[in-house]
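Trainee: sequence and predicted model, in that order:
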Amino acid sequence: MKTLKNNKRYENLSITNNVIFKAILLVLGIIMLGCNNDDDKVATNKDLVIGKWQVDSGNLLTSGTKYIYINNDNTINILTEDELGFKGEVSTKVSLTDDQITITLEGPFIVKYTFKDDILTLQPPTAGAIVLSRAVSPPDVTNWVKELSILEEGAAPWSDTRDIDIAYDGTYILGGDVNDRKIFKVNPTNFNIEGIIPTIHAASSVEIEKSDASLKQLFQSDGGRKVFLSYIYSSNTMFYESIDLGRWIIGLASVEPGYLWVASQSESKLYLYKSNGSLTPGEVVHEIPLDFKPLGLDYQDGYLYVSDRERIHKCQTIGGFKAIESYKLPNHEIHGVAFDSSSFWLNTYNHNEGKVKLVKTNL
């Protein structure tokens, strides 16, 4: 009897173990099935395109495309850089399907895509294919074009005109009113107009000569003309007129006595100009063609600051011209730039307020 009971016990135990074993196999099968389903999903799903990509060939929406980041939050970052180092960034919304990306930028822009061997190929509707590969060491998007902060701001007196390059004379911010033909002296502490310099020119750009001389020069542009003018600042008497450069000089930046950078919006060029005063004509000693139309300029400690409306770029000028940093001020266009010996001031257009404003920044 004892042996029979033991046999039944072992038989029951065997049945129990068998049930447990089958249950384990069932669970493992479900897990493996789930993993296989996930693998199939990853192999064909739109999630494949989410990530950071470097551009091997082609351009998306703009020239100089270097990186494209397709993000989990249905946004895209397109990072650009031209041959001179000028950087830009386009950020907007996207929607994804298994074979196309719809970019929301002034209306839908639909791009077909294929994915194979970790290579993503984009096919815009009216351009050549763009070939991307996974970025090995992608830059941080927040450092590509750095974001500036507003330290102080106030209304600009030339409120009906945006493209105004400004200057600092040691006390006041200077800016021209191209309609009324005058140059305002603006107090940077309260933004009041403390003085007016009459001019016969549409001075969309003004600059004070970097000099220790008592008779500093005040440089002015004149609308769409190819020249800029030099005046003795203390007496407001004309000193000389430059040779012909490019039309619509929107930026002037003094380097040292006799040298200054000039920006032509029409020609998309920068000129390093050597002046001989009123004695003999000046000359262009260096010319920089750009991929954009330059606006305001300022020169400090070997670096030229160049505005392209959406951004401002810090450029080295010694040992080869190259942009080394790019900055933006969210919701603002940047038209002019000046340095007050400790901080930079920008002449901006605030999109949210619809106003032209002077902004002190942490540039």
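Mentor: Alright, I've got the coordinates.

Trainee: can you give me the strands in the stretch 201-350 of the chain?
Mentor: For the stretch 201-350 of the chain, applying DSSP state E, counting those that start in this stretch gives strands covering 206-208, 217-221, 228-232, 237-241, 249-256, 259-264, 269-274, 283-289, 297-300, 303-307, 312-316, 322-328, 332-339, 344-350.

Trainee: tabulate the ones you listed (a markdown table), appending distance to residue 136 and mean pLDDT.
Mentor: For every residue, glycine as well, the C-beta is placed using N, CA and C. Putting the strands of the stretch 201-350 of the chain into a markdown table (distance: least, C-beta to C-beta, whole Å; pLDDT from 0 to 100) gives the following:
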| stretch | distance to residue 136 | mean pLDDT |
| --- | --- | --- |
| strand 206-208 | 44 | 98 |
| strand 217-221 | 46 | 97 |
| strand 228-232 | 47 | 97 |
| strand 237-241 | 54 | 96 |
| strand 249-256 | 38 | 97 |
| strand 259-264 | 37 | 98 |
| strand 269-274 | 34 | 98 |
| strand 283-289 | 32 | 97 |
| strand 297-300 | 36 | 98 |
| strand 303-307 | 31 | 98 |
| strand 312-316 | 26 | 98 |
| strand 322-328 | 23 | 97 |
| strand 332-339 | 33 | 97 |
| strand 344-350 | 35 | 97 |
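
Trainee: in a markdown table: those strands, plus distance to residue 166 and mean neighbour count.
Mentor: A markdown table is the format used below for those (distance: least, C-beta to C-beta, whole Å; neighbours: other C-beta atoms under 10 Å):
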| stretch | distance to residue 166 | mean neighbour count |
| --- | --- | --- |
| strand 206-208 | 7 | 25 |
| strand 217-221 | 12 | 26 |
| strand 228-232 | 15 | 20 |
| strand 237-241 | 21 | 15 |
| strand 249-256 | 10 | 23 |
| strand 259-264 | 14 | 25 |
| strand 269-274 | 18 | 20 |
| strand 283-289 | 22 | 13 |
| strand 297-300 | 9 | 24 |
| strand 303-307 | 11 | 24 |
| strand 312-316 | 13 | 21 |
| strand 322-328 | 17 | 18 |
| strand 332-339 | 4 | 25 |
| strand 344-350 | 5 | 23 |
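
Trainee: for these, which one sits closest to residue 133?
Mentor: strand 322-328 (24.4 Å; C-beta to C-beta).

Trainee: about what we covered before: for the strands of the stretch 201-350 of the chain, could you give me JSON lines that also reports distance to residue 72?
Mentor: Output for the strands of the stretch 201-350 of the chain, formatted as JSON lines (distance: least, C-beta to C-beta, whole Å):
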{"stretch": "strand 206-208", "distance to residue 72": "47"}
{"stretch": "strand 217-221", "distance to residue 72": "48"}
{"stretch": "strand 228-232", "distance to residue 72": "51"}
{"stretch": "strand 237-241", "distance to residue 72": "58"}
{"stretch": "strand 249-256", "distance to residue 72": "41"}
{"stretch": "strand 259-264", "distance to residue 72": "41"}
{"stretch": "strand 269-274", "distance to residue 72": "41"}
{"stretch": "strand 283-289", "distance to residue 72": "40"}
{"stretch": "strand 297-300", "distance to residue 72": "40"}
{"stretch": "strand 303-307", "distance to residue 72": "34"}
{"stretch": "strand 312-316", "distance to residue 72": "31"}
{"stretch": "strand 322-328", "distance to residue 72": "23"}
{"stretch": "strand 332-339", "distance to residue 72": "29"}
{"stretch": "strand 344-350", "distance to residue 72": "31"}
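
Trainee: so which of those is nearest residue 103?
Mentor: Judged by C-beta to C-beta, the one of those that comes nearest to residue 103 is strand 322-328, at 20.0 Å.

Trainee: packing partners for that closest one?
Mentor: strand 87-96, strand 146-147, strand 312-316 (3 or more C-beta pairs under 8 Å, 6 or more residues apart in numbering; DSSP states H and E).

Trainee: need the contact list for residue 288.
Mentor: By C-beta atoms under 8 Å, 6 or more residues apart in numbering, the contact set of residue 288 is 84, 269, 270, 271, 272, 321.

Trainee: just the helices in the stretch 1-150 of the chain please.
Mentor: Along the stretch 1-150 of the chain, counting by DSSP state H, counting those that start in this stretch, helices occupy 2-44, 141-144.
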